[in-house]
Every structure is written in C-alpha cells, then in structure tokens.
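*Asks:* generate a structure from the sequence data that follows.
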Amino acid sequence: MVRMLVRVVVVASSVTPGFVFASDEVLLVAVRDNTLCETDDGSLSNGAGQHCFAGTTALGEKRRALVAFDLAGAIPEGSVIVSATLTLNMSKTIVGGVDVAIHRVLRDWGEGASDAVGAEGQGAPAEPGDATWLHTFYPGEFWNQAGGDFDPAPSASVVVGAVGAYAWGSTDRMVADVQAWLDDPTTNFGWVAVADESVVPGAKRFDTREHPDPLVRPTLRVEFVPPCVADWDGDGAATTLDFLAFLNDWAAGDPRADLNGDGTVNTIDFLAFLNAWSAGCG
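*Replies:* Numbering: from 1, shown residues only. Below you'll find the predicted structure:
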C-alpha cells in the first residue's frame, strides 16, 4: 500500500499546481523583450529583434532593455519565493565595465513586429503594439514618463564588461518583485535594464528570446517553497482538522479536491491527499 501511495503522489505532483513538487526550482525563458530607443517622437523599437540594448550610444542616444517572464503554471500559486536570478548574455560592446541596473517596471508594455537590421543598435520603425521611448503600446498608449515607468530603486546591479553571460541577483528586491508578480499576476511587467547613461559611448547589446541560439536567451531562475496541500485549512500545519475538511470537500465533489487536475474527484485524489497528509508539512 505504501508503494502505491507514493506512486500516486509522484504522478499527481508532476501535473498539478499547488500539489507536492519534486523540485523547488524552475528555469524560465523570457516571454517578451524589447528595447526603448530614445527619440523625440517614439518612432523606434526592436520587438522582434535578436538583440536588445542598455546604455548610451556613441551619438548620445539612450537605450533601455525590457524583459519579462511568465510565472503562471511554472510556480504554484501560494508558493514562497526564496531566490531569483536573472541571466542575460551580452554579445557586443565597444567599452569596458559599465554598471547596469534592473528596475521593476510599473506599467504593461508590448513587443511588436519591429526588427532592426545589422547589429540592431539603431532600432527599426515601431510596429503596432511595440514599446518605444514614449509608448507602452505603439501608437496610441503612452508611458507616464519618457523612457518608461519603473521603480527608481534598482532591484539589482551588475558591472557589465567583456562579452559573456551576466547574472543579476539574487537580491531581496528581486525576490520581492517575483513574489509580488506571483501573488498578483496583473502586476507582472518584468524589469528594465538601465545602464549608467553618463558613460558615452556605453551601450551594451544583450541577446533576446528571439535569438536562434536558445542557450543565450534571457532566463530567470527561481527557487521557491511550494504550498503544502496537506494544510487544507491554511493554518500552517497538517492536522486532523485538515483531514476532515478535505474529506468533506472530497465527498461533496468539490473541484478543489481534484488534486491531479483530471476533472474528476475520485479515489486517486483521496489517496494522494492521504499520502501528503501523512507526510505533513515539515
């Protein structure tokens, strides 16, 4: 019987958010990224490009790189974030070390079909839905501040020098950012990378999610503690009250008792909960 119960839990945990997960770490690839290219009219972007930029060009024009990740389905609702590390691959530069900070973005933004040519540093004509220096979604929706709306306090900062991969975090602010996005997905607008814009030239080119090499795309590694399914009443402990509460919901066919997510509340769900409850929440 013990072997059967363990097997049930493994199967259920592989498909059900909020159940008993074998791993407490996930590696996410960016779901959108873009470059804010400084212009007076907000006419440039690079939504579909293989690269994004942060810093000031040789012509004195600022660039800021947006990047966002989808947490839904990858991290169970109710989890506690332990650490968060952003990795970007810097693939072209003409200067030495420049401080690049990431800031939590405060408004939603878009990634359109604009695709710059060559090294991509000059951007391309903005397409509908693109984020630009002035627009959250080109051509009709705007930032409150030119250059993007973001928390002025950096979530993390790294000196970016020679070509290679760079990691931001984990920091307390990054953990707080990811926790907030998990708790309220409607606030998940990602980060913007802002280099020390007083360095001229100081722009750094980073690879995006559209890059043909998957190994250089932006990633976010998150460690988390998943919620304990055995704590059915949410009081922080797995007790007899939790068992009785689940039993009542299970007997009533409550959808919450469908632990394996197959659309049916049945014996498999009961056995899975029993095994989790027996293991406790320690």
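
*Asks:* tell me where the stretch 1-150 of the chain has helices.
*Replies:* Using DSSP state H, counting those that start in this stretch, the helices found in the stretch 1-150 of the chain span residues 2-13.

*Asks:* low-confidence ranges, it, go.
*Replies:* Where the stretch 1-150 of the chain drops to pLDDT under 70, the residues are 1-23.

*Asks:* give me the contacts around the longest strand anywhere in the chain.
*Replies:* Criterion DSSP state E: the longest strand present in the chain is strand 80-92. For strand 80-92, contacts defined as Cβ atoms under 8 Å, 6 or more residues apart in numbering pick out 24, 51, 65, 67, 75, 102, 119, 156, 160, 163-170, 174-175, 177-179, 182, 191, 193, 204-207, 216-225. Placement of C-beta: from N, CA and C, glycine included.

*Asks:* what about those residues, which are in strands?
*Replies:* Among those, DSSP E puts 51, 65, 67, 102, 156, 160, 164-169, 191, 193, 204-207, 219-225 in strands.

*Asks:* in stretch 272-282, which residues are buried?
*Replies:* Neighbour counts over stretch 272-282 (16 or more other Cβ atoms under 10 Å) mark 272-277, 279 as buried.

*Asks:* any idea how far the longest strand of the chain is from the chain center?
*Replies:* Averaging C-alpha positions (Cα atoms, centre = their mean, to the nearest Å) puts strand 80-92 9 Å from its chain's average.

*Asks:* what residues of it count as buried?
*Replies:* Under the neighbour-count criterion of 16+ other Cβ under 10 Å, strand 80-92 has 81, 83-91 buried.

*Asks:* what number of residues lie near the closest residue to residue 131 other than its chain neighbours?
*Replies:* Computed as Cβ to Cβ, 6 or more residues apart in numbering, the closest residue to residue 131 that is not its neighbour in sequence is residue 109, at 4.0 Å. If you count neighbours by other Cβ atoms under 10 Å, residue 109 ends up with 25.

*Asks:* hmm, residue 109 is touching residue 138, no?
*Replies:* No. Contact criterion Cβ atoms under 8 Å: residue 109 and residue 138 do not qualify, at 10.0 Å.

*Asks:* this completes my enquiry, with thanks.
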